[in-house]
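Participant: below are the sequence and a predicted model; questions follow.
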Amino acid sequence: MRVHDYHPGNRHLQDKFGTRKLADRLTARVTETISPEGRKIIEEASMFFLATCDDRGLPTCSYKGGDPGFVRVVDDRTIAFPNYDGNGKYQSMGNLLQNPNVGILFVDFEGQQRLRLQGVASIDENDPLVAEYHEAQFIVRVRVTEAYKNCPRYIHKLKLVEPSEYVPQAGRETPQLEWKSSPDLQD
């Protein structure tokens, strides 16, 4: 699918619910670059959702979090973020090695706005940015193929109560998660 194309499934529902003309006008807002407004949403984000597919084509969606600014806009077509220690499955990151296509959703709950990115991801353990993220295992770079703000209609207004104590911080050891010490998970 090229930027701005709709497939028969999209068209079927657009026609059924009378939104084809609206959808066609909205495609003018889809770009291959990150706008200044999009850049602000990304660089202020403390979390996003990452959609990947495995080698069978089965999708999964992961929450990725860090301190605001953990996602970098490298240029108007590229973002980068660190991979930190997780549950050890490497489900999303392993998927990227098999199928590099990703969907990313940034949600600003306080400002009630969202930004969608589609792109192609790569993983690099030797990326120069690794040194800038305490405890990063590697860097994921995403080359953006589509970027667009999305309807904020149903975004609940939420506020961050406190950040996770497990986000790696320079100058301190990240606490170990209790579940990782469970006897049934030890070798």
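Facilitator: Alright, I've got the coordinates.
Participant: hey, which helix or strand in the protein has the poorest pLDDT?
Facilitator: Lowest mean confidence among the helices and strands of the chain (mean pLDDT, DSSP states H and E): helix 20-26, at a mean of 90.
Participant: show me what that one is packed up against.
Facilitator: Packing partners of helix 20-26 (3 or more Cβ pairs under 8 Å, 6 or more residues apart in numbering; DSSP states H and E): helix 8-16. (Each C-beta comes from the backbone N, C-alpha and C, glycine too.)
Participant: can you show me the CA trace of the helix it packs on as CSV?
Facilitator: This file holds the C-alpha atoms of helix 8-16, laid out as CSV (Å, rounded to 0.1, in the frame of the first residue of the first chain):
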residue,chain,number,x,y,z
PRO,A,8,-11.3,-2.7,-0.6
GLY,A,9,-11.9,-3.3,3.1
ASN,A,10,-11.5,0.4,3.9
ARG,A,11,-13.6,1.4,0.9
HIS,A,12,-16.4,-1.0,1.9
LEU,A,13,-16.8,0.5,5.3
GLN,A,14,-16.3,4.1,4.1
ASP,A,15,-19.1,3.5,1.6
LYS,A,16,-21.4,1.7,4.2
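Participant: give the buried residues for it.
Facilitator: The neighbour-count check on helix 8-16 (16 or more other Cβ atoms under 10 Å) flags Gln14 as buried.
Participant: just checking, what packs against it?
Facilitator: Using 3+ Cβ pairs under 8 Å, 6+ apart: helix 8-16 touches helix 20-26.
Participant: distance between the helix it packs on and the chain's centre?
Facilitator: 26 Å (Cα atoms, centre = their mean, to the nearest Å).
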